[in-house]
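Visitor: Show me how the following folds:
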Amino acid sequence: MRDIYETAKDEAEVKRRLRGLVEYMKWRSPETLSVYEHYVEQGLDREAHDRFLDGLHTQVEMFLKEREQRRRKSAAAPPSKPEASLPIQPTTQEQGMLQEPDLSFIYGLAGEG
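Guide: Next up is the predicted model:
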């Protein structure tokens, strides 16, 4: 069934091939097909969710790496004023990321920002 969804060129071909599968398997109840379709859709949803999490993980790693590089650069340069008097301004990218409630939550769990 998964192969049908992945290789069909359009919705009409999906329907045609599913009807063929029902005839081949000699399923009497239309509910049988809906159960299998539900199972396949759950698998596709899991894959989409995994891709989303992988992308999120990549973004978080990039953010942390960039922030660490900025910290190293600022630690190497002698400060002109005491650090306590200088407010730390997030970059435009950090501002955008911190406005995302999910990322703020994740960084909060890590004890960050």
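Visitor: Helices along this protein, start to end?
Guide: Counting by DSSP state H, the chain has helices at residues 2-7, 11-25, 30-76, 92-98, 101-109.
Visitor: Mind telling me which of these the model trusts least?
Guide: Looking over those, mean pLDDT reaches its minimum on helix 92-98, with a mean of 53.
Visitor: Save the helices of the chain as CSV, and put in mean neighbour count too.
Guide: Where you see a C-beta, it was placed from the backbone N, CA and C, and this is true even at glycine. Formatted as CSV, those follow (neighbours: other CB atoms under 10 Å):
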stretch, mean neighbour count
helix 2-7, 12
helix 11-25, 12
helix 30-76, 11
helix 92-98, 13
helix 101-109, 12
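Visitor: Arg67 and Arg17, how far apart?
Guide: 50 Å (CB to CB, to the nearest Å).
Visitor: Please name the nearest non-neighbouring residue to Gly43.
Guide: Using CB to CB, 6 or more residues apart in numbering and skipping the chain neighbours, the partner closest in space to Gly43 is Arg2 (7.1 Å).
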